[in-house]
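**Student:** A structural model of the following input is requested.
(2 chains)
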Amino acid sequence: MIAEFGYGIALVSFLVAVYSIFAAVYGATKKSASMVESARRAMLLTFPLISLAAGALIYLLVTNQFNVAFVYEVTSRSMPTYLKVTAWWGGQAGSLLFWSWLLAAFTSAVTLRKWDRDIEFLPWVIVVCSVTLVFFLGMVIFYENPFTRFWLVNGSVEPHMFAPLNATIFTPDDGNGLNPLLRHPGMVIHPPMLYLGFVSYVIPYAFAMAALITGRTDDRWIRLTRRWSLWAWLFLSFGLVLGGRWAYDVLGWGGYWGWDPVEIAAFMPWLTGTAFLHSVMIQEKRGMLKHWNMILVILTYALVIFGTFLTRSGVLSSVHAFANSPIGPLFMGFVSTTLVASIALVIYRWPTLRSETEMKSMLSREALFLLNNLLFMSILVVCFWGVIFPLISELFTGQKVTVGPPFYERATAPLFSALLFLSAVAPLSAWGHSTIQTLGRAIWKSAAAAAVVTITLFFTYTNKIGALIGFFLIALILFVTFQEFWRGTRARQQAQGENFLTALSRLMGRNRRRYGGYIIHISMALMAIGILGIELFQTSTQGALAKDETLTISGYTLQYKELASWEDRGEGVNYTRAVVDIFKDGEYIGELNPRIDYYFDSQQNMTIPGNRSTLKDDLYVLLVDWQPVSAVGATFKVYVNPLVNWLWIGSLVFLVGIVFAAWPDRDPAEEPARRSVTQRANQTSAADD
Amino acid sequence: MTETTDPKRGVSLWVQVVIWVFVVALLLLVAVTLKKRQQGTVQPGDTIPDFTLPLFSGYEYQGQSEVKLSDFRGKVVVLNFWASWCKPCEQEAAELQEAWEFYESNGDVVFVGADYVDTEPEARAYLKKFGITFFNGPDMGTKISQTFRIQGVPETYFIDQEGTLYYIKIGPFISVDEIKSIIDQQLQ
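**Tutor:** You can find the predicted model right below:
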């Protein structure tokens, strides 16, 4: 009953979304405000409707209704309730419904804002969002239905939505259970974060399309969606970091990023999104790069859909296996249609997107931002080529190839270094005009300090030239950024007579985007420390140890003490846990407990590393195998990952920076005037601008 | 909006042509690949056409520097696709070797490693690192992997005594027992 209810509601929301498309187009072309309003209300209705359908699915998940195929696939009795809820996005069908739900939520939030000044955008924003929603809901309803149930038909079990003739419902005793790899807290939040990021990029895209369709191509659409693109970027970035952390904790290969096609598919929209974040500032400040911003937002949207498509269609060989699914061709059709339509629109409106000013200095802030964009685009080209080249090779030579991490690492390392350098230099340049002298004067102290750090590292830590260049750039960013904070605060202290902390907090509070951006630059530098550490200095070894035998790596000695294996039937897991004593330079520093958890329901293992994490390095020990009969011997794989902790520290700083930048605030320019209450209310409602 | 340049100038025709050719080519490329992938891998019950695998020196089969699938009639063949760059392959390397050592002396099961899109020095280093001794060779021109239409590595195909595929494992094995149970179901 609940399953039919959920399916019925999903179907209704699909029809409502279809209606909103037609009503919006009709309203816009016939200039009928009432039809546009009707479309807006229909759009608003989709959110509560899809929430109901989602509620039905969650109810089925948490109440163990294994006669529903999706529930059977992703849950089992032994799973705790919170995991049953998160299993919602643990499989294809559910995650498509989840996508639709998020999109409906975001579109509703957008359509609820005040539209007076921008009413001509409204119908087209609704059209773009609704078309995307109809596509995703369509897949849920016609192809990947999470409400399908098992029916016993003439002795065989078949999945159908509605009862076939002479069929009785079939309920398995227990479900398959969620893939244990996905039961990690990082994995519980990683997919929704990525989806949030993906879905939020639909909004800037919808506004860009509305701007192109209506011909109102000034920077209004950018101002309206500025905060959306920041939040989208936050979610996407956070999703990527969580995925990395999950891989580090769970996948048991001592790394966090494998340049797997699926990872790259999520990374590509991040690249265009990051470029977009920088280049919109040029359009806002200088009225330049309008074409470019349109192209970037279209690319981001296309890559979001393309990425979702690639990961789910089996086009790319990947460790992130999604089963082959009938939705591939549909995605293909949707990607093609939206891409072709967007490109056609941009070409049509090309003449109205001209820049208002010209670039005057190659060292001005806008020129450096443009360079930053080119670097991000170059990384995108590398990634895109790496993903697409195997397809070309297979088609034309009949030979399969794969593009592995070395290609990406070699091709992108200089680009990332150049980006680091730019993020040190660009904050010091001025809009409009900078010269080598002004930049040199601003940077020399930081550069000298960074050189001192690098020389110290050369004598105390490493003589690898690549690492030293990396550390120099990181130090440069940190010094330049701190100097910027220092300089701004001192200036304010002198002008306003405030104490240091007040001056600093007011300075930052009044220029959220600028100082949030600086915090993000600091976080990138910190993350770069971790990446340099693990990429250039990781060491690993593997060995089979008998009891009390030792293994030595990079100053650490591991001694295998004992191993225990026990079952927890309630949780449905068999734990095998080793005890390993750790010595550093001969001194005992503690024990580690690498584990293998075997999940009965899904008959899968999960390798949990024993990890000793310090700011200097991580000692990461995996239990690979053991002799079950006597438990006397076990095989361990050991990694020493220098500096990797800085990657996670940087991620947290990053989060702080972006939330700081994106946080809705009062417009400081308006503050002293103390405007009337109604105006203030308007201002707050436009806070999502 | 103030314009400083000629507002009438659009995208020139040849640029438009280049853009559309590029977009259409890209979409076609993805569409063709998608169509291929939708076939999926070979399926249990399919008879596997004979193929030849050249072997790395030191990994020969009865002194031969290459093997044919038909050489193994009457034995269960465990055909493992792997690569030295493949991290998940490392998860199962020790297990595969241990399973091979378990069956090696009986002679009714044979393990064959097909190294997928790899370079020989790295592949050899990998085999040495995990102490692998079963027959191994490069899948030249990815011919064998295309016969099986593999989706990625690691993938392992279990072929019965008559040359018919009876089990596919996508992704790494969890344990030696898992490998043994798949083989034993065919030996009994």
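
**Student:** Please work out the average pLDDT along the host helix or strand of A:Val140.
**Tutor:** In the assignment (DSSP states H and E), A:Val140 maps to helix A:122-142. Averaging pLDDT along helix A:122-142 gives 94.

**Student:** CA atoms only for that helix, dumped as CSV, please.
**Tutor:** Output of helix A:122-142 as CSV, limited to C-alpha atoms (Å, rounded to 0.1, in the frame of the first residue of the first chain):
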residue,chain,number,x,y,z
LEU,A,122,11.1,33.8,-13.3
PRO,A,123,9.3,31.8,-16.0
TRP,A,124,12.6,30.7,-17.6
VAL,A,125,14.2,29.7,-14.3
ILE,A,126,11.1,27.6,-13.7
VAL,A,127,11.4,26.0,-17.1
VAL,A,128,15.0,25.1,-16.8
CYS,A,129,14.6,23.7,-13.3
SER,A,130,11.4,21.9,-14.1
VAL,A,131,12.9,20.3,-17.3
THR,A,132,15.7,19.0,-15.2
LEU,A,133,13.3,17.8,-12.5
VAL,A,134,11.0,16.1,-15.0
PHE,A,135,14.0,14.3,-16.5
PHE,A,136,15.1,12.9,-13.1
LEU,A,137,11.5,12.1,-11.9
GLY,A,138,10.9,10.5,-15.3
MET,A,139,13.7,8.1,-14.7
VAL,A,140,12.4,7.3,-11.3
ILE,A,141,8.9,6.6,-12.6
PHE,A,142,9.7,4.8,-15.8
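
**Student:** so what secondary structure elements neighbour the helix or strand that it is followed by?
**Tutor:** Proceeding N to C from helix A:122-142, the next assigned helix or strand is strand A:149-153, under DSSP H and E. Applying 3 or more CB pairs under 8 Å, 6 or more residues apart in numbering or on different chains; DSSP states H and E, one finds that strand A:149-153 makes contact with helix A:69-74, strand A:156-160, strand A:168-169. C-beta coordinates here come from the backbone N, C-alpha and C atoms, glycine included.

**Student:** Just the residues contacting the first one, thanks.
**Tutor:** Residues external to helix A:69-74 that are found in contact with it (CB atoms under 8 Å, 6 or more residues apart in numbering or on different chains): A:57, A:60-61, A:64-66, A:87, A:90-91, A:93-94, A:146-150, A:159, A:172, A:175-178.

**Student:** I'd like the list of those that fall within strands, please.
**Tutor:** In strands, judged by DSSP state E, the following of those are found: A:149-150, A:159.

**Student:** Next up, the contacts around A:Arg286.
**Tutor:** A:355-357, A:366, A:431-432.

**Student:** Are any of the residues you listed buried, and if so which?
**Tutor:** Buried members of the contacts of A:Arg286, counted by 16 or more other CB atoms under 10 Å in any protein chain shown: A:355-356, A:366.

**Student:** pLDDT added to these, as JSON lines?
**Tutor:** What follows is these, written out as JSON lines (pLDDT from 0 to 100):
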{"residue": "A:Ser355", "pLDDT": "76"}
{"residue": "A:Glu356", "pLDDT": "75"}
{"residue": "A:Glu366", "pLDDT": "83"}
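
**Student:** Narrow those residues to those in helices?
**Tutor:** A:Glu366 (DSSP state H).

**Student:** for the helices and strands packed on strand A:149-153, which one sits closest to A:Tyr599?
**Tutor:** Closest to A:Tyr599 of those is helix A:69-74 (CB to CB; 13.2 Å).

**Student:** hey, C-alpha coordinates of the closest one in PDB?
**Tutor:** Extracted in PDB, the C-alpha atoms of helix A:69-74 (Å, rounded to 0.1, in the frame of the first residue of the first chain):
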ATOM      1  CA  ALA A  69      13.100  -4.700  -4.400                       C
ATOM      2  CA  PHE A  70      15.000  -1.500  -3.500                       C
ATOM      3  CA  VAL A  71      14.600  -2.100   0.200                       C
ATOM      4  CA  TYR A  72      15.800  -5.700  -0.300                       C
ATOM      5  CA  GLU A  73      18.900  -4.500  -2.200                       C
ATOM      6  CA  VAL A  74      20.200  -1.900   0.100                       C
END
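
**Student:** show me the contacts for the most centrally placed residue in chain B.
**Tutor:** Chain B has B:Phe81 as the residue nearest its centroid, 3.8 Å off, counting by CA atoms, centre = their mean. Neighbour list for B:Phe81: B:114, B:116, B:139, B:145, B:148, B:150, B:153-157 [criterion: CB under 8 Å, 6+ apart].

**Student:** Surely it is in a strand?
**Tutor:** Yes. Judged by DSSP: H, G, I helix; E, B strand; the rest coil, B:Phe81 forms part of a strand.

**Student:** how much space between it and B:Gly152?
**Tutor:** 9 Å (CB to CB, to the nearest Å).

**Student:** Tell me who's in contact with the spatially closest residue to A:Leu368 that is not a sequence neighbour.
**Tutor:** Spatial nearest neighbour of A:Leu368, excluding adjacent residues (CB to CB, 6 or more residues apart in numbering or on different chains): A:Ala426 at 4.2 Å. For A:Ala426, the contact set (CB under 8 Å, 6+ apart) comprises A:365, A:368-369, A:372.

**Student:** any idea which of these is least confident?
**Tutor:** Where pLDDT dips furthest among these: A:Arg365, at 83.

**Student:** helices or strands next to the lengthiest helix in chain B in the packing?
**Tutor:** Counting residues, the longest helix in chain B under DSSP H turns out to be helix B:13-37. Judged by 3+ CB pairs under 8 Å, 6+ apart, helix B:13-37 is in contact with helix A:327-349, helix A:365-397.

**Student:** is it fair to say the residue nearest to A:Leu368 lies in a helix?
**Tutor:** Yes. Checked against three-state DSSP, A:Ala426 lies within a helix.

**Student:** Now name the helix or strand holding the closest residue to A:Val125 other than its chain neighbours.
**Tutor:** Closest residue to A:Val125 apart from its sequence neighbours, by CB to CB, 6+ apart: A:Ala206 at 4.5 Å. Using DSSP H and E, A:Ala206 maps to helix A:202-214.

**Student:** which residues are in contact with that helix?
**Tutor:** A:103, A:106-107, A:110, A:120-122, A:124-125, A:128-129, A:132, A:217, A:220-221, A:224-225, A:228-229, A:232, A:276, A:293-294, A:297-298, A:300-301, A:304, A:342, A:345-346, A:348-349.

**Student:** Give me the distance from that helix to the chain's centre.
**Tutor:** On the basis of CA atoms, centre = their mean, to the nearest Å, helix A:202-214 sits 22 Å off its chain's mean C-alpha point.

**Student:** just how off-centre is the very next helix or strand once past it within its chain?
**Tutor:** Using DSSP H and E, the helix or strand that follows helix A:202-214 towards the C-terminus is helix A:220-246. Here helix A:220-246 is found 7 Å from its chain centre; the criterion is CA atoms, centre = their mean.

**Student:** which residue does the stretch 501-650 of chain A bring closest to chain B?
**Tutor:** A:Asn605 (4.0 Å; CB to the nearest CB).

**Student:** show me where chain B has helices.
**Tutor:** Under DSSP H, chain B gives helices at B:13-37, B:87-104, B:120-129, B:143-148, B:176-187.

**Student:** Make CSV from these and add mean pLDDT and mean neighbour count to it.
**Tutor:** Listed next are the helices of chain B as CSV, based on pLDDT from 0 to 100; neighbours: other CB atoms under 10 Å in any protein chain shown:
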stretch, mean pLDDT, mean neighbour count
helix B:13-37, 87, 14
helix B:87-104, 87, 20
helix B:120-129, 88, 16
helix B:143-148, 86, 18
helix B:176-187, 89, 16
